[in-house]
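Asker: A predicted structure for the sequence below; I have some questions about it.
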Amino acid sequence: MRKPRLVFVIALLFFVAGLNQTALAQARTHTVQPGETLFHIALSYGVTVEAMVAANNLPDPSHIVAGQVLIIPGAGAVAPVAAAPNKAPVYYVVQPGDTLSSIARAYGVSSQAIMAANSVNDMNHIEVGQRLVIPGSAAPDSGATIPQQPVATAIPPTTIPPTAIPPTTAPVVVSTPVTTAKLRTHVVTAGQGLAEIARLYGVTWPAIAALNNISDPNTIFAGTVLKIPDSDTNPTTTMETSQGVPPGPLGGAGSTKAITVVLHEQRVYAYENGNLIRNVLVSTGLPGTPTVTGTYRIYVKYSAQLMTGPGYYLPGVPWVMYFYQGYSFHGAYWHHNWGHPMSHGCVNMPIDEALWLYQWAEVGTPVTVVW
């Protein structure tokens, strides 16, 4: 009576071992590359995120690191449906006027896929300069266009130099092309944003928005016919002055505009014809990387720029105006701690205020920085 039972147990063990060999034959591994997400990897192999989590006992699916080896469940029977696992992920840096929907249309993916790949909870809240992973995509759809980071005509500084560096002697000036046509029209194509259209014609997107009565720059659609102004008009908004406002700096011969930065107030003042027309709370250099003091002039402007240095990597920094070596005014999308020193020496500004100053101030505008 014992012999049949022994034979049955041995047969059962061989059957289980066969199942394990089949599972191992079907299983694959994937080494995580920099910038990859679990969603991106699962999508490329045609499996679900839940299956990946279960196969690898992952406590937090949003936390995987480069170099980590993951088991791909059942990958031997399923071919990858998107990019090869070792292919570099596709990134896109958000430009002014972009929406999540327009980016998704341009790359031929869904808004929900981009949201999941980047842990975005609100599809209506993306910020200029934000770096997005585009899941399951290699390039934008050939029938769509997407705003690209502008290429400056001079190579800008990409790191903040130490304050001990001597001043440069020959500032580089970027000239803005001027169009002569008095009125033009533009038909919006799929995926285009207002900022990209403005760059095509050498004007700013607020000027186009004002001419076409557009209250929300994110709500333009393919097929819309836009009127293009011949040039920008300076904003006329004035701000109420306060007690103790510093006197306006003296400009050069024929100068009508000037900027003063008051470090102990963490505030920027803009003057025209000696009158204060705007002031805004900002964030200047930290004690270890202070903002320089003195009298300078804006010598070059960029609508967007990559800034890198020890401990930071900031793509698409908007509305940059350099006034001394690597020190500049620019918009900051990575914090909102205005009124407190936060920077490596530059003058951080709210993005809308940086845009206003960028449009208002010309190359050559005097800048005075005082304590």
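Answerer: Arrived safely. Residues are numbered from 1 along each chain as shown.

Asker: all strands of the stretch 151-300 of the chain, in order?
Answerer: For the stretch 151-300 of the chain, the strands defined by DSSP state E, counting those that start in this stretch occupy 183-187, 225-229, 257-262, 267-272, 275-281, 294-297, 300-309.

Asker: got TSV for those strands, with mean pLDDT too?
Answerer: Putting the strands of the stretch 151-300 of the chain into TSV (pLDDT from 0 to 100) gives the following:
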stretch	mean pLDDT
strand 183-187	82
strand 225-229	87
strand 257-262	94
strand 267-272	94
strand 275-281	92
strand 294-297	94
strand 300-309	88
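
Asker: closest to Tyr333 out of those strands?
Answerer: strand 300-309 (11.0 Å; C-beta to C-beta). Glycine gets a C-beta too; all of them are placed from N, C-alpha and C.

Asker: name the helices or strands packed onto that closest one?
Answerer: Contacting strand 300-309 under the criterion 3 or more C-beta pairs under 8 Å, 6 or more residues apart in numbering; DSSP states H and E are the following elements: strand 312-324.

Asker: what about dumping the CA coordinates of the strand it packs on to CSV?
Answerer: Extracted as CSV, the C-alpha positions of strand 312-324 are listed here (Å, rounded to 0.1, in the frame of the first residue of the first chain):
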residue,chain,number,x,y,z
TYR,A,312,21.0,71.5,-9.0
TYR,A,313,19.8,70.9,-12.5
LEU,A,314,17.1,73.3,-13.8
PRO,A,315,16.0,72.9,-17.4
GLY,A,316,13.9,75.6,-19.1
VAL,A,317,14.5,78.4,-16.6
PRO,A,318,12.3,81.2,-18.1
TRP,A,319,12.9,84.9,-18.8
VAL,A,320,16.6,85.2,-18.1
MET,A,321,18.4,88.6,-18.1
TYR,A,322,22.1,88.7,-17.2
PHE,A,323,23.5,91.9,-15.6
TYR,A,324,26.9,90.8,-14.4
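
Asker: can you list the buried residues in that strand?
Answerer: Leu314, Pro315, Gly316, Val317, Pro318, Trp319, Val320, Met321, Tyr322, Phe323, Tyr324 (16 or more other C-beta atoms under 10 Å).

Asker: what pairs with that strand, and is each one parallel or antiparallel?
Answerer: Paired with strand 312-324 in the same sheet, following DSSP bridges, are strand 300-309 (antiparallel), strand 327-331 (antiparallel).

Asker: quick check: mean pLDDT across that strand?
Answerer: Mean pLDDT, strand 312-324: 90.

Asker: who does Asn279 bridge with?
Answerer: Listed by DSSP bridges, the beta-bridge partners for Asn279 are Tyr269.

Asker: quick revisit: now the strands paired with strand 312-324 as JSON lines including distance to Arg184?
Answerer: JSON lines is the format used below for the strands paired with strand 312-324 (distance: least, C-beta to C-beta, whole Å):
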{"stretch": "strand 300-309", "distance to Arg184": "20"}
{"stretch": "strand 327-331", "distance to Arg184": "28"}
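
Asker: for those, which one ends up most surrounded?
Answerer: strand 327-331 (a mean of 25; mean count of other C-beta atoms under 10 Å).

Asker: who's in contact with it?
Answerer: The set of residues external to strand 327-331 that reach it, using C-beta atoms under 8 Å, 6 or more residues apart in numbering, is 128-129, 160, 259, 268, 291-292, 305, 307, 317-323, 345-351, 353-355, 357-358.

Asker: on that earlier part again, okay if I get the strands of the stretch 151-300 of the chain as CSV plus distance to Ser44?
Answerer: Output for these, formatted as CSV (distance: least, C-beta to C-beta, whole Å):
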stretch, distance to Ser44
strand 183-187, 37
strand 225-229, 39
strand 257-262, 49
strand 267-272, 47
strand 275-281, 46
strand 294-297, 50
strand 300-309, 28
